[in-house]
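Colleague: whatever this is, show me its structure:
(chains A, B, C and D)
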Protein chains: 2
Amino acid sequence: METRELRYFVAVAEELHFSRAAQRLGIAQPPLSRAISQLERRLGVPLLERSNRSVTLTEAGAVLLHEGRAALDAMEAAEERTRRVARAAAGQAGIVLATKAGASSELLAKLLHAYGAEPGSVHVEVLLCGPGQQERLLRTGRADVAVLHHPFDDTAGLDVEELHTEGQVAVLPAGHPLSAKDQLHLDDLTDVPELPLARWPSAADGTYPDGPGPEVESHSQLLQLISLGRTLMVAPESCRSQLHDDLVAVPVVDAPRVTTVIAWPPHSRSRPVADLVRTALRL
Amino acid sequence: METRELRYFVAVAEELHFSRAAQRLGIAQPPLSRAISQLERRLGVPLLERSNRSVTLTEAGAVLLHEGRAALDAMEAAEERTRRVARAAAGQAGIVLATKAGASSELLAKLLHAYGAEPGSVHVEVLLCGPGQQERLLRTGRADVAVLHHPFDDTAGLDVEELHTEGQVAVLPAGHPLSAKDQLHLDDLTDVPELPLARWPSAADGTYPDGPGPEVESHSQLLQLISLGRTLMVAPESCRSQLHDDLVAVPVVDAPRVTTVIAWPPHSRSRPVADLVRTALRL
DNA sequence: ATCGGTGATACCGCACAGGTATGACTCGGG
DNA sequence: CCCGAGTCATACCTGTGCGGTATCACCGAT
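Modeller: Numbering: from 1, shown residues only, chains lettered A, B, ... in the order given. All right, here's what the predicted structure looks like:
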């Protein structure tokens, strides 16, 4: 199976629409149709169910979509890491660490400081990105190591070490009745009509889901909207250090505990990554 | 990057010889040369160092070899699992479990029996294979779940659960002076001229490494050679249940402890695999 | 100096990816 | 009830590029 065929199939399987998929791939629709049927013939397995004006995945198609995404990621990672290693060898070496913008900043600062003091340490480029993006950067080879947060990020297929576990707090505008309490439950927060949960853009297409909450695209926007009394959020308690006086954090006793982990691709043979992880575990 | 290019590169990187690699790939040498230089040009990175009569990997080439193998495995796994899912849907369903021939047979029997009694259990095809092969079967999609042994098998990139930990014993011919002891150290076993360690064929090319020990290709051969007083082996103590009277097992106190684990690919969404793992953990 | 063996280059033919035009079919609207 | 819009499939053409053969340039051993 060639990557081209697999890319084509993944596009169709995601769009469930040949013409749109062809447009996304930058080719015409007929060659795409042909490529897919050829793939089905070669595998000996029907992947798509073409019925009245709609395309759906067969069971086998669903499997190929999943496994195929992982395989394409691995191909991309191989290519990307090869390029990066050459660039590193050619001068300004370094590894790339990906982390969610605004999360675990204190821990990260300590880690980078400690690692920088190690003998043989290399330059660490920090890549801040939106939620759920770090994991992808790691899988596609654009990052060597990432700081993730269980259970929010998917760590399937990555090697991880746990660094820190903490509870979560509700961040509320000062003066709101709920902010006077000294602890809360999740049920207290789901149905607060005047503070609906904010909506983030979908990672896939950048559109916002429906709902009453305000649309946000960054952490600072969200904090400002809380200050303005328009929404609330639930976040790991370490975020307290970044809150202004006009925000109040109240522990949410039944929210899932959040574990900060350091993660890297399972086949990594990078010495700097190993050093960085060892340093992180000593903190 | 197309899988064809990557397959070509991996072949050359493994052989470090264009003509042999071309032969292995079933193509002529000139197209292979061209494909590799084209790959290097596309990546913008030299992968191979061609100097006086010898080909060596550059640092980038070594990375691409490693990452590329994983990527090719993932591609193969995607293809294989898709085929298998279709076959399973078409009638005789089932999952494939890979394990080393002759290892953990008791545990495996208990597991299969317990799983078979579960509601909703499917047929489990057991694939016995040589040492170090299970892992590959799992990575390339020919198996859904495997029973592996730490630290012998590499579990990087697989999800695992530990099932059982045990020490190791030396298996000796009855009557040999060492068999009279009630415990041994590894040092006692490395330099026993009359019982040199047996040699297994290499997984890569099937050739035997050099050495004084007898060549074997199966567990039963090895046991017979021990009976004949020609070699010895060190194995997990659970192998005792399969030994004849003319073999003696003596604990090796400083041999690494062996952990039997059940492993599956990290992206598995197979319900039967999850059930099987859950059953295994209850044993 | 010669020969065997290395990888690179030159050239050719054919398979196949991709484009355009069009068909078969299904739905919705006038 | 038919027409038009929209779906994916088919037919045909074209050009790229993969693979093969022949050959070269280079190096080392004899």
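Colleague: make it CA atoms for all contacts and neighbour counts henceforth
Modeller: Fine.
Colleague: which stretches in chain A count as strands?
Modeller: Under the criterion DSSP state E, strands of chain A are mapped to A:48-51, A:54-57, A:95-100, A:124-129, A:145-150, A:159-166, A:168-173, A:233-236, A:247-252, A:258-264.
Colleague: out of those strands, the one nearest residue B:121 is which?
Modeller: strand A:54-57 (25.2 Å; C-alpha to C-alpha).
Colleague: now for the closest one, which elements pack on it?
Modeller: Applying 3 or more C-alpha pairs under 8 Å, 6 or more residues apart in numbering or on different chains; DSSP states H and E, we find strand A:54-57 packed against strand A:48-51.
Colleague: what pairs with the strand it packs on, and is each one parallel or antiparallel?
Modeller: Take DSSP bridges as the rule and strand A:48-51 pairs in its sheet with strand A:54-57 (antiparallel).
Colleague: doesn't residue A:48 make contact with residue A:61?
Modeller: Yes - Residue A:61 lies in contact with residue A:48 (C-alpha atoms under 8 Å); the separation is 6.3 Å.
Colleague: so for the two, which sits in the more crowded spot?
Modeller: More neighbours surround residue A:61 than the other of residue A:61 and residue A:48, with 25 against 21 (other C-alpha atoms under 10 Å in any protein chain shown).
Colleague: which residues sit in contact with the more buried one?
Modeller: Residue A:61 makes contact with A:13, A:46-48, B:82 under the criterion C-alpha atoms under 8 Å, 6 or more residues apart in numbering or on different chains.
Colleague: got any ranges where chain A has weak pLDDT?
Modeller: For chain A, applying pLDDT under 70 flags the ranges A:89-93, A:102, A:203-206.
Colleague: please name the nearest non-neighbouring residue to the residue in chain A positioned nearest to DNA strand D.
Modeller: Taking C-alpha to the nearest atom of the strand, DNA strand D has its nearest neighbour within chain A at residue A:17, 3.4 Å off. Nearest non-adjacent residue to residue A:17, counting by C-alpha to C-alpha, 6 or more residues apart in numbering or on different chains: residue A:55, 6.4 Å away.
Colleague: tell me how many other residues surround the one you found.
Modeller: The criterion is other C-alpha under 10 Å. On that basis, residue A:55 has 16 neighbouring residues.
Colleague: list the contacts for it?
Modeller: Applying C-alpha under 8 Å, 6+ apart to residue A:55 gives the contacts A:16-17, A:48-49.
Colleague: pull the most distant pair out of those.
Modeller: For the contacts of residue A:55, the maximum inter-member distance is 11.4 Å, found between A:17 and A:49 (C-alpha to C-alpha).
Colleague: these two: which is more packed in?
Modeller: It is residue A:17, of residue A:17 and residue A:49, that has more neighbours when counted by other C-alpha under 10 Å, with 17 against 14.
Colleague: who in chain A is up against chain B?
Modeller: Residues of chain A lying near chain B by C-alpha under 8 Å from any C-alpha of the partner chain: A:1-4, A:43-45, A:59-61, A:63-64, A:67-68, A:70-72, A:74-79, A:81-83, A:85-86, A:156-159, A:265-267.
Colleague: which among the residues you listed end up buried?
Modeller: Buried subset of the residues of chain A next to chain B (neighbour count, 16 or more other C-alpha atoms under 10 Å in any protein chain shown): A:1, A:3, A:43, A:45, A:59-61, A:63-64, A:67-68, A:70-72, A:74-79, A:81-83, A:85-86, A:157-159, A:265.
Colleague: got the domain boundaries for chain A?
Modeller: Listed by automatic domain parsing, the domain ranges of chain A are A:3-73, A:93-166+A:258-282, A:168-252.
Colleague: make TSV out of those domains and add distance to residue B:24.
Modeller: Shown next, in TSV, are the domains of chain A (distance: least, C-alpha to C-alpha, whole Å):
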stretch	distance to residue B:24
domain A:3-73	22
domain A:93-166+A:258-282	26
domain A:168-252	42
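Colleague: of those, which is nearest residue B:118?
Modeller: With C-alpha to C-alpha as the criterion, residue B:118 lies closest to domain A:3-73 of the domains of chain A, at 24.0 Å.
Colleague: follow-up on the earlier one: could you dump the strands of chain A to JSON lines with distance to DNA strand C?
Modeller: Below are these laid out as JSON lines (distance: least, C-alpha to the nearest atom of the strand, whole Å):
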{"stretch": "strand A:48-51", "distance to DNA strand C": "8"}
{"stretch": "strand A:54-57", "distance to DNA strand C": "9"}
{"stretch": "strand A:95-100", "distance to DNA strand C": "31"}
{"stretch": "strand A:124-129", "distance to DNA strand C": "32"}
{"stretch": "strand A:145-150", "distance to DNA strand C": "34"}
{"stretch": "strand A:159-166", "distance to DNA strand C": "36"}
{"stretch": "strand A:168-173", "distance to DNA strand C": "46"}
{"stretch": "strand A:233-236", "distance to DNA strand C": "41"}
{"stretch": "strand A:247-252", "distance to DNA strand C": "47"}
{"stretch": "strand A:258-264", "distance to DNA strand C": "34"}
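Colleague: could you measure from residue A:62 over to residue A:56?
Modeller: For residue A:62, the distance to residue A:56 equals 9 Å [C-alpha to C-alpha, to the nearest Å].
Colleague: cool, and residue A:187?
Modeller: According to C-alpha to C-alpha, residue A:187 and residue A:56 sit 38 Å apart.
Colleague: which other residues reach stretch A:172-179?
Modeller: The contact list for stretch A:172-179 (C-alpha under 8 Å, 6+ apart) reads A:226-229, A:231-233, A:245-250.
Colleague: got the buried residues for that stretch?
Modeller: So for stretch A:172-179, counting by 16+ other C-alpha under 10 Å, buried means A:172-174, A:178-179.
Colleague: again, but for stretch A:100-117
Modeller: Within stretch A:100-117, the residues scored as buried using 16+ other C-alpha under 10 Å are A:100, A:103-105, A:107, A:111-112, A:114-116.
Colleague: contacts for that stretch, please.
Modeller: A:121-124, A:128-134, A:147-148, A:219, A:238-239, A:260, A:275-276, A:279-280, A:283.
Colleague: got a quick PyMOL command for the buried subset of those residues?
Modeller: Only the buried members of those enter the following PyMOL selection, criterion being 16+ other C-alpha under 10 Å:
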select buried, chain A and resi 121+122+124+131+132+133+134+147+148+238+239+260+275+276+279+280
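Colleague: chain B versus the residue nearest the centre of chain A, what's the distance?
Modeller: Nearest to the mean C-alpha position of chain A, by C-alpha atoms, centre = their mean, lies residue A:132 at 1.4 Å. As judged by C-alpha to the nearest C-alpha, to the nearest Å, residue A:132 and chain B stand 17 Å apart.
Colleague: what's the neighbour count on whichever residue of the stretch 51-200 of chain A sits closest to DNA strand C?
Modeller: Here the stretch 51-200 of chain A gets closest to DNA strand C at one residue, residue A:52, 4.2 Å apart by C-alpha to the nearest atom of the strand. Neighbours of residue A:52 under the rule other C-alpha under 10 Å: 6.
Colleague: who's in contact with it?
Modeller: For residue A:52, no contacting residues are found, by C-alpha under 8 Å, 6+ apart.
Colleague: go on, the one 10 residues further on?
Modeller: With contact set as C-alpha under 8 Å, 6+ apart, residue A:62 has these partners: residue A:47.
Colleague: so residue A:166 is in contact with residue A:235, correct?
Modeller: No - using C-alpha under 8 Å, residue A:166 makes no contact with residue A:235, being 10.1 Å away.
Colleague: please say which of the two ends up with more neighbours.
Modeller: Higher neighbour count among residue A:166 and residue A:235: residue A:235, with 19 against 13, using other C-alpha under 10 Å.
Colleague: ok, the more buried one touching residue A:149?
Modeller: No - Residue A:235 is beyond contact range of residue A:149, at 11.1 Å (criterion: C-alpha under 8 Å).
Colleague: quick one on the thing from earlier: for residue B:199, find the nearest of the strands of chain A.
Modeller: Residue B:199 sits nearest to strand A:159-166 of all the strands of chain A, at 33.1 Å, using C-alpha to C-alpha.
Colleague: mind listing what's buried in that closest one?
Modeller: The neighbour-count check on strand A:159-166 (16+ other C-alpha under 10 Å) flags A:159-163 as buried.
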